[in-house]
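> Provided below for reference: sequence and predicted model.
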Amino acid sequence: MKEKVKWLLAVALVCLAGCGAADGENYQNADASTKHTLLQYVSQKTEVDVTQGDISFGFDSHGGFHGDGTLYLEIKMPDSFEERLNHASLWSELPLTEKIAAACHMEIDKHHGKDNETIIPEVENGFWYYLDRSPDISVELPLNYTIAVYDSNTDVLYYCDVDM
């Protein structure tokens, strides 16, 4: 009986350790191929080409229960990028709407290297893109959404997929 209990405890510890092991991907030092794939993904989602950008910070915590997590990227864009956004139909000029601003002010988990900062910093000049991917339920803030904010002053595109 003692052996069975020890064995069950060992299996439980391995399972619990495995749950915590998926801490997400950090993209700051990712290889060029991975960064290019991410930039293509963002281009597809936002319907504007960002493949000329450079990912300066990023992480992906997806992989948890039901694929919940956050993909967050900071992408340094060339000076010419703002001109593309002027002609992009799905992008709007700042300021953000109240709902979008609330989504931007969610806090990033501490273990991703941005201790208690809002998910996207306040941006005064630029453009934004938003897509609510939540099921058709009535909630104040969406459960699944994509948001991108471009800062014209710094030429940084902040991109975030949130799945709760």
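Perfect, thanks for sending it. Numbering: from 1, shown residues only.

> any idea which element the closest residue to Tyr27 other than its chain neighbours lies in?
With Cβ to Cβ, 6 or more residues apart in numbering as the criterion, Tyr27 has its nearest non-adjacent residue at 3.5 Å, and that residue is Gly58. For glycine as for every other residue, the C-beta is placed from the backbone atoms N, C-alpha and C. Taking DSSP states H and E as the definition, Gly58 sits inside strand 54-60.

> what's the next secondary structure element after that strand?
Once the chain leaves strand 54-60, the next helix or strand it forms, by DSSP H and E, is strand 69-76.

> for the record, mean pLDDT for the very next helix or strand once past that following strand?
Heading C-terminal from strand 69-76, the first helix or strand you meet, by DSSP H and E, is helix 81-86. For helix 81-86, mean pLDDT rounds to 93.

> swap in stretch 99-117?
59.

> what segments of the chain are strands?
Along the chain, counting by DSSP state E, strands occupy 25-26, 54-60, 69-76, 92-93, 126-132, 144-151, 156-163.

> out of the ones you listed, nearest to Lys45?
Closest approach to Lys45 among the strands of the chain is made by strand 144-151 (5.6 Å; Cβ to Cβ).

> so which elements touch the closest one?
Strand 144-151 sits against helix 32-46, helix 81-86, helix 98-104, strand 126-132, strand 156-163, with contacts defined as 3 or more Cβ pairs under 8 Å, 6 or more residues apart in numbering; DSSP states H and E.
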